[in-house]
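Undergrad: need coordinates for the following:
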Amino acid sequence: MDSGKAKILVVDDDPVIRLIATETLEQNGFTVVEADNGEDALQIISATGCDLVLLDVVMPRLDGFATCRRLRQPPLGRRCRS
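TA: Numbers count the residues shown, from 1 in each chain. Have a look, this model is predicted:
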């Protein structure tokens, strides 16, 4: 179902930060999806896509830098622009 709203993925291991970001974005008309780590973020993007990723840097399992590097690799990276 395409609502016409931009879909933003908020990736942060801190639930309070995710809550604040999600509430702020939703109040401003965005659709928000959340992930608490980089691995889950990659799975979400692969399965459903998104228009923008707000990505924390310091996270367990897969940090923001490694997540970003993997996002930019094919096949996901074909949709990313610098």
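Undergrad: check which helix or strand the residue lying closest to residue 76 once chain neighbours are set aside maps to.
TA: Using CB to CB, 6 or more residues apart in numbering and skipping the chain neighbours, the partner closest in space to residue 76 is residue 45 (6.0 Å). For the C-beta atoms, the positions are set from N, CA and C on the backbone; glycine is no exception. Taking DSSP states H and E as the criterion, residue 45 maps to helix 38-48.
Undergrad: after that helix, next one along is what?
TA: Following the chain from helix 38-48 toward its C-terminal end, the next helix or strand by DSSP H and E is strand 52-55.
Undergrad: what's in contact with the helix or strand that that following strand is followed by?
TA: Of the helices and strands lying after strand 52-55 in sequence (DSSP H and E), the nearest is helix 64-71. The contact list for helix 64-71 (CB atoms under 8 Å, 6 or more residues apart in numbering) reads 11, 38, 41-42, 45, 53, 55-59, 62, 76-77, 80.
Undergrad: what lies in contact with the helix holding residue 45?
TA: Contacts of helix 38-48 (CB under 8 Å, 6+ apart): 7, 9, 11, 33, 35, 50, 53, 55, 59, 61-64, 66-67, 70-71, 76.
Undergrad: nearest the geometric middle of the protein, what residue?
TA: residue 9 (2.9 Å; CA atoms, centre = their mean).
Undergrad: excluding chain neighbours, what is closest to residue 33?
TA: Per CB to CB, 6+ apart, closest to residue 33 is residue 9, 5.0 Å.
Undergrad: and the one you found, which of the three is it?
TA: Secondary structure, DSSP: H, G, I helix; E, B strand; the rest coil: residue 9 is strand.
Undergrad: who's it bridged to?
TA: On the basis of DSSP bridges, residue 9 takes part in beta bridges with residue 33, residue 53.
Undergrad: oh, and call the first residue 3 from now on, that's how I've got it
TA: Taking 3 as the first residue, the last one we looked at is residue 11.
Undergrad: residues contacting it?
TA: Counting by CB under 8 Å, 6+ apart, residue 11 makes contact with 34-37, 43, 46-47, 52, 54-56.
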